[in-house]
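**Q** Curious how this folds, go ahead:
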Amino acid sequence: MKKFLWIIGLLVFTVPAFAQIPSTKHELVMKLLNVNGTQEIMRKNVAGFIAQTPQAQQPQLTKLLNVDEIIAVIAPLYENEFSEKELSGLIDFYQSDLGKKILQTTPRIAQASMEAVGKYFQEKLGGAKKPDAGQ
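**A** Have a look, this model is predicted:
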């Protein structure tokens, strides 16, 4: 019985202590999601989505769609894929001049790439002969 009470006491006092210690890896992921713009983009996307809904539904959606909860859902994906060392490296990169340039230019490059590929397909497929309906 004493052993049982000792184990219960140990659990009561140690489990909350461990639960309160933030994971270094988790902190690194949260910092990465901040410096690489993911949190900001997520906030803008959710706000944009809510703005496109009927105004009567917007207050309910604002309460329902919590960006911090969304980030909490995706953070473990990064935790599972990257080591602490890799996360630190990514943070250092995104805080560097080159990393900042990547963050700044990637949206423009992605948009221009989609337009260029669309034009490529139009040129290649637009001139292709269409099959006759009778064949």
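**Q** quick check: mean pLDDT across the host helix or strand of S113?
**A** S113 is part of helix 97-126, with elements assigned from DSSP states H and E. Computed over helix 97-126, the mean pLDDT rounds to 95.
**Q** Show me what it packs onto, helices and strands only.
**A** For helix 97-126, the packing partners by 3 or more Cβ pairs under 8 Å, 6 or more residues apart in numbering; DSSP states H and E come out as helix 84-95. The way it works is simple: take the backbone N, C-alpha and C, and place the C-beta from them, glycine included.
**Q** tilt between the helix it packs on and helix 97-126?
**A** 80 degrees (axes from the mean of the first three to the mean of the last three Cα atoms, to 10 degrees).
**Q** Could you pull out the buried residues of helix 84-95?
**A** Going by neighbour count (16 or more other Cβ atoms under 10 Å), the buried part of helix 84-95 is L87, L90, I91, Y94.
**Q** any chance of those residues in a markdown table, with pLDDT and distance to A75 too?
**A** As requested, the buried residues of helix 84-95 are arranged in a markdown table below (pLDDT from 0 to 100; distance: Cβ to Cβ, whole Å):
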| residue | pLDDT | distance to A75 |
| --- | --- | --- |
| L87 | 97 | 11 |
| L90 | 97 | 14 |
| I91 | 97 | 14 |
| Y94 | 97 | 16 |
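**Q** The helix holding S113: how far from the chain's middle?
**A** In terms of Cα atoms, centre = their mean, to the nearest Å, the centre of helix 97-126 is set 21 Å apart from its chain centre.
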